[in-house]
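Undergrad: no FASTA, just this:
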């Protein structure tokens, strides 16, 4: 069986409380044989987007999430396939990759017509958008790094499918596929999984990248992402690995102890625009990178990994799809915390020299 | 004895490795009687500021900090007064408040003439500036919240003195007095202390606040800080407490579970410009606020607290001095982590409704 994304089977079912669940890949053969047998109360989701006028950014207020599932025991993992003793979020007894609407979403409002706050400066309104969970594997103790390239390709197919479909939903401005891995990051479920957020606004960091692209274009007539990638190639000291279609490097001004950015050689705005050959090669390189990260400290590295995609309606001619992967661990047993300087002022300090981080990651190949 | 800041005594001494240490307040009577008896190797500080062109911000690369002191046992706390058995950073056998240059500073370069990187896009240079440590009390197990108002006034006098003096140093663009409290924030020394960073650049969050002030001024002819404070007063639901000179409120678009901003009623650019009466009242209100935070969860709240001051050379007519205090705890035993959405995209979600946070903090008075 090939894992060309276009041939990955996708089957939609509906969970007991009305949420959508999608199976990607070869199993189960007949999902309709496995209905959701749980009795679930409907969830009242009422997120609000509020404007921080001083910072010029939206903040989501999502009070309904305080009761979300918190580090359940393994025998009650809600992301494992269902068994007779444990009816989980996934009704089937096996799966390859599954995506479903989060029962405790940060984004989304069941009441989109609810009026917002009225003050000139205190501006808020119900937050549209959607939050999905991606189960990478039915194996509770696996990691993304344990997947075969073929299995990773099914995850990639799910990311592409969801990114394209969520971008078509009314009110969605940006789609973000990401993984938080490790208790140190605050992950409340250890089963290997990621998330997809479809935001009702362009997020602050993306906004800034596009603003800097625009001013660079005005100054030079050129694309900032292209020129930065060229500069990293020309310098070469921070390149970790590369293939025919991708380059992975520690950025010159890395914010985190070990941080790698993975760019396709040919700029595209988002995952849907990525050619098939690049999608396939990504899986090989990304698995390689994750395995190097897990060799850094003698224990699995806590990490955040996310796909930066062009917003749905803005900046598509300038933005460059790329993945940013970083660990918050700076040494065995020591974490990089965002304390006063970072959280208060946005001023980052990094104790690991990017050239040394790249050298270390090259040696761990 | 009054604690008017202008009468707080300040005595400078030099530590064994050449760093400066300042005693503020009544003790010791004769600092020269207590020389630093340690043998300290000089520290080679070589921080670099590198430009992140995509985000339009500086990142400090400070490799010399990886070996800094990490959670020493109490009997070897370097911030306690010195004893025969424990020669600490503070040579004297007692003190009220002490400020000294950090032995492991994030900022600062002993080699300011070292050439920077040359590429058009990969721009970096030695990072000037200075990092200081502020010991709030000689009592190892105390907290800021345990101080008397008079003792807090001595801390305030130290903040004012250092802010004004560091602002006069060449190359300093912004001064930040802050406290990280709690292991959950990554604090490596439990002795009650804060820090002061004198940055060689205007920090990203301050930069954004000033940009939004400028565009608001262009649109309305008015000051954004003034109008936001007026809007919070008019709404009143998020006000936690106020005095004659200060108002403390949970901001409408709070990023953190429990977050309070403390503004002087009359806008001033920085601590040095704060009238004496406002300085004195601040101490009362701030101690009250910190004690409420410590009652939130049944255990001491981890928190970050910082003074936002106008940059030294920019935006002084628009910026409003204020203190931002927040805890990263969202419930007993549960922390708010900056994971994929916040760290990757700068998109914050807050699970605690600001009006409810303010109500809770009012009740804890």
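TA: Ah, there it is. Keep in mind that this is a model prediction, so the values were computed, not measured. Numbering: from 1, shown residues only, chains lettered A, B, ... in the order given.
Undergrad: What residues does the stretch 51-200 of chain A have near chain B?
TA: Within the stretch 51-200 of chain A, the positions lying close to chain B (CB under 8 Å from any CB of the partner chain) are A:51-63, A:65-66, A:70, A:106-107, A:117, A:119-122, A:124, A:174, A:176, A:178-180, A:185-187, A:195, A:197, A:199. C-beta: built from backbone N, CA, C; applies to glycine.
Undergrad: In chain A, where is pLDDT below threshold?
TA: Where chain A drops to pLDDT under 70, the residues are A:1-6, A:27-29, A:65-74, A:110-119.
Undergrad: what's the domain layout of it?
TA: Following automatic domain parsing, one finds the domains of chain A at A:5-201, A:205-363.
Undergrad: Save those domains as a markdown table, and put in mean neighbour count too.
TA: Output for these, formatted as a markdown table (neighbours: other CB atoms under 10 Å in any protein chain shown):
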| stretch | mean neighbour count |
| --- | --- |
| domain A:5-201 | 18 |
| domain A:205-363 | 19 |
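Undergrad: can you redo those domains as a markdown table with distance to residue B:329?
TA: As requested, these are arranged in a markdown table below (distance: least, CB to CB, whole Å):
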| stretch | distance to residue B:329 |
| --- | --- |
| domain A:5-201 | 12 |
| domain A:205-363 | 14 |
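Undergrad: Tell me which of those domains sits nearest to residue B:275.
TA: Judged by CB to CB, the one of the domains of chain A that comes nearest to residue B:275 is domain A:5-201, at 23.8 Å.
Undergrad: Could you find the closest non-adjacent residue to residue A:293?
TA: In this structure, residue A:293 finds its nearest non-sequential neighbour in residue A:301, 4.4 Å apart by CB to CB, 6 or more residues apart in numbering or on different chains.
Undergrad: you'd agree the one you found is in a helix?
TA: No - counting by DSSP: H, G, I helix; E, B strand; the rest coil, residue A:301 falls outside a helix, being coil.
Undergrad: ok, residue A:357 touching residue A:257?
TA: Yes - between residue A:357 and residue A:257 there is a contact at 6.9 Å, judged by CB atoms under 8 Å.
Undergrad: mind listing what the residue of the stretch 201-350 of chain A found nearest chain B touches?
TA: Closest to chain B within the stretch 201-350 of chain A is residue A:337: 2.8 Å, counting by CB to the nearest CB. When contacts are counted by CB atoms under 8 Å, 6 or more residues apart in numbering or on different chains, residue A:337 touches A:328, B:185-186.
Undergrad: What of residue A:364?
TA: Contacts for residue A:364 (CB under 8 Å, 6+ apart) come out as A:292, A:295-296.
Undergrad: Out of those residues, which is nearest to residue B:274?
TA: If you rank those by distance to residue B:274 using CB to CB, residue A:296 comes first, at 46.6 Å.
Undergrad: And the residue nearest to the spatial centre of chain A, its phi and psi?
TA: In chain A, the centroid-proximal residue (CA atoms, centre = their mean) is residue A:178; its distance is 1.0 Å. Dihedral pair for residue A:178: phi -150, psi 160, per degrees, to the nearest 10.
Undergrad: Excluding chain neighbours, what is closest to the residue of the stretch 101-250 of chain A found nearest chain B?
TA: Nearest to chain B, among the residues of the stretch 101-250 of chain A, is residue A:186, at 2.8 Å (CB to the nearest CB). Ranked by CB to CB, 6+ apart and with sequence neighbours excluded, the top spatial neighbour of residue A:186 is residue B:337, at 2.8 Å.
Undergrad: same question, residue A:323
TA: residue A:262 (4.3 Å).
Undergrad: about what we covered before: from the residues of the stretch 51-200 of chain A next to chain B, which ones fall inside strands?
TA: Among those, DSSP state E puts A:51-52, A:57-61, A:124, A:174, A:176, A:178-180, A:195, A:197, A:199 in strands.
Undergrad: what's the farthest-apart pair in the residues you listed?
TA: Counting by CB to CB, the most remote pair of those is A:124 and A:179, 29.9 Å apart.
Undergrad: re earlier: give me the three-state assignment for the residue nearest to residue A:323.
TA: What three-state DSSP gives for residue A:262 is strand.
Undergrad: Let me see the contact set for it.
TA: A:246-248, A:282, A:285-286, A:289, A:322-325.
Undergrad: Phi first, then psi, for residue A:295.
TA: Per-residue torsions, residue A:295: phi -90, psi 0 (degrees, to the nearest 10).
Undergrad: hang on, residue A:193 packs against residue A:77?
TA: No - if you go by CB under 8 Å, residue A:193 and residue A:77 don't touch, sitting 10.1 Å apart.
Undergrad: measure stretch A:313-322 end to end?
TA: One end of stretch A:313-322 to the other measures 18 Å (CA to CA, to the nearest Å).
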